[in-house]
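Q: how would this look folded up:
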Amino acid sequence: MDDFSQPVVFQRPPTALKGRGAASGMAHRFERDQREAVDDGWPVSEDEAFAAQTFPTRVIRETARSALSRNDSPDIAFDQAINPYRGCEHGCSYCYARPTHSYLGLSPGLDFETQIVAKHNLPELLDQALSRPGYVPRLTNVGSATDCYQPVERELGLTRRLIEVFQRHRHPFSIITKSSLIERDLDLLAPLAQQGLVAVYITITTLDATLARRLEPRAASPLRRLRTVKTLAEAGIPVGVSVAPQIPFLNEDMERVLSAAAEAGAGSAFYTVLRLPWELNELFQQWLQQHYPERADRIMARVRDFRGGQDYQSDFKTRMKGHGLWADLLNQRFHKACARLGLNRERHELDVSQFLRDPDQAFRQPSLFDDPIQVDAGPSSRRAPAHPVRTD
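A: As a prediction, this is how the structure comes out:
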């Protein structure tokens, strides 16, 4: 019987595909059969034939059963999340959400960025969830797994419809994205910001345009994201920057990113280090061999320094920031840069006390026989918003 307990080791890395982060449709961890690419000496190798194919994006319509997912992880500060899409066309080579495509029977490689699942009924489910008698408003993040403003959002508009539901219920939420498409929804976000109901975080991994094209092949350029930060800030929307993930010997310009973001109007920042769960470990190492073979061993050696000698550790205490000497030095760099730039100086609060369970009743002319509208805002009516955690 074949042993599939160990990851496949490619004798030669697959050929990089233009405009895609992954270079193969590698088998997911639940699949029984796996293939190994080898150089058999023929003029046209299997890799080259594979690279010559085109891989158009396909949108799969899914009827979701629930809207909100509760968070009980102590290293993630927001209470619940909502994600309108599974998979992400941005194709970020480091995306920790890639292995979730395995649960769909799809590859965490090319399928993750070409087979996009759209939860078409999510806005209706969200409205139902917020209208339930026992619902207590909690800080909610949109796009914590895959980007809620990825290219398919331009046509489908699921994220905009979710914002409209939050607006009706006056429910606080945050958004994290690396797309300039969020500017389309300024007409909704600016009024919500004035009411203390929204905060936005823009991911800027590096200012190196060449590196960004390789790391995040279909995402907006770093300079375009900085312009988005400025646009949001000028519209009065609280905006922060995510400099995640930090990858040793690759995106070493964290201080430059923070400085440019602060100049553009960002008021807060956070970071995480590279995470390599499940199939992502092999996928990312393939990517390193394709684009930075001379640095691959050095990068992975330092990644293991962050993880106690392993490629990845999933414990809540260290998975976001790592541990050890190099993790401590990175943490010091980040906090000193933020202190110098005035980032994270003030805690911006999102207001849960305005929540309306039944917006239609709230705006209806009351009669003498109506009971006062009761809003249960939970044990605390206000709370500082959490920094949403994503590495794509």
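Q: Could you use CA atoms for every contact and neighbour count after this?
A: Noted.
Q: burial measure for the closest residue to residue 326 other than its chain neighbours, as a count.
A: If you skip the residues right next to it in sequence, residue 326 has residue 306 as its closest partner in space, 6.6 Å away by Cα to Cα, 6 or more residues apart in numbering. A total of 26 residues lie near residue 306 under the criterion other Cα atoms under 10 Å.
Q: before we move on, what about the one 5 residues further on?
A: Residue crowding around residue 311 was assessed by other Cα under 10 Å; the count is 18.
Q: Tell me if I'm right that it and residue 299 touch.
A: No. With contacts counted by Cα atoms under 8 Å, residue 311 stays clear of residue 299, the gap being 10.9 Å.
Q: does residue 241 sit in a helix, a strand or a coil?
A: Look at residue 241: counting by DSSP: H, G, I helix; E, B strand; the rest coil, its state is strand.
Q: separation between it and residue 123?
A: To residue 123, residue 241 is 27 Å away according to Cα to Cα, to the nearest Å.
Q: Give the next helix or strand downstream of the helix or strand hosting residue 124.
A: Under the criterion of DSSP states H and E, residue 124 resides in helix 122-131. Sequence-wise, the next helix or strand downstream of helix 122-131 (DSSP H and E) is strand 140-142.
Q: got the buried residues for that following strand?
A: Applying a neighbour-count criterion of 16 or more other Cα atoms under 10 Å, the buried positions in strand 140-142 are 140, 141, 142.
Q: which other residues reach the helix or strand following it?
A: From strand 140-142 onward toward the C-terminus, using DSSP H and E, the following helix or strand is helix 153-156. Contact with helix 153-156 is made by 159, 181, as judged by Cα atoms under 8 Å, 6 or more residues apart in numbering.
Q: Would you mind writing the CA trace of helix 153-156 as CSV?
A: Extracted as CSV, the C-alpha positions of helix 153-156 are listed here (Å, rounded to 0.1, in the frame of the first residue of the first chain):
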residue,chain,number,x,y,z
GLU,A,153,-17.3,40.9,-6.4
ARG,A,154,-17.3,43.5,-9.2
GLU,A,155,-20.1,41.5,-11.0
LEU,A,156,-21.8,39.7,-8.1
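Q: Buried residues of that helix, list them for me.
A: Counting neighbours by 16+ other Cα under 10 Å, the buried set in helix 153-156 is residue 153.
Q: and what of stretch 184-198?
A: Taking 16+ other Cα under 10 Å as the criterion, stretch 184-198 shows 186, 189, 190, 191, 192, 193, 196, 197, 198 as buried.
Q: Next up, the contacts around residue 275.
A: When the contact criterion is Cα under 8 Å, 6+ apart, the partners of residue 275 are 94, 96, 245, 312, 319, 320, 391.
Q: what's the neighbour count on residue 345?
A: 11.
Q: what's the pLDDT at it?
A: pLDDT for residue 345: 92.
Q: looking at this structure, which helix or strand is least sure?
A: Of all the helices and strands that make up the chain, the one with the lowest confidence by mean pLDDT, DSSP states H and E is strand 382-383; it has a mean of 46.
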